[in-house]
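Q: With the sequence up front, the predicted model follows.
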Amino acid sequence: MTLTQEHQVILFKPQGSIDLDGGTALSEQMARINPQPQQLWVIDLSAVDFMDSSGLVPLVQGLKAVRESGCRLVLCNVQAPVRLILELTHLDSVFEIFSSYEDIFSSVKV
């Protein structure tokens, strides 16, 4: 998993599967960052080819944590199998989802 922090953007880039193990790793990475007002947390899912229900937990927990701190959390590069899980759980209407990392900055003021 890659983590990048620049200015007010925190980028998480999990890889492989976000199942129980992958979800735990993502939760741990997110817990290490103390959300600050006006930060933008980006979860780039381009390298994630599978997600199950236990993988949704860190996404929802992360969203809750950043909102409580005055931040934003967005998803980008969501692959078809992961998008299907988000759609089936109706979380696609809860998260801001962008087609690419670049698309975030063409529509979001950081």
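A: Okay, I see it.

Q: where in the protein is pLDDT low?
A: Where the chain drops to pLDDT under 70, the residues are 1-7, 107-110.

Q: which helix of it spans the most residues?
A: The longest helix of the chain (DSSP state H) is helix 53-68.

Q: List the buried residues of that helix.
A: 55-56, 58-59, 62-63, 65-66 (16 or more other C-beta atoms under 10 Å). To be clear about C-beta, it is placed using only N, CA and C from the backbone, and glycine gets the same treatment.

Q: tally of neighbours for the closest residue to D52 other than its chain neighbours?
A: In space, and not counting its chain neighbours, D52 is closest to D19: 5.0 Å by C-beta to C-beta, 6 or more residues apart in numbering. If you count neighbours by other C-beta atoms under 10 Å, D19 ends up with 14.

Q: so how far is E68 from D19?
A: 26 Å (C-beta to C-beta, to the nearest Å).

Q: which residues does the closest residue to G62 other than its chain neighbours contact?
A: Leaving out its chain neighbours, the residue that sits closest to G62 by C-beta to C-beta, 6+ apart is M30, at 4.8 Å. Contacts for M30 (C-beta atoms under 8 Å, 6 or more residues apart in numbering) come out as 12, 41, 58, 61-62, 65.
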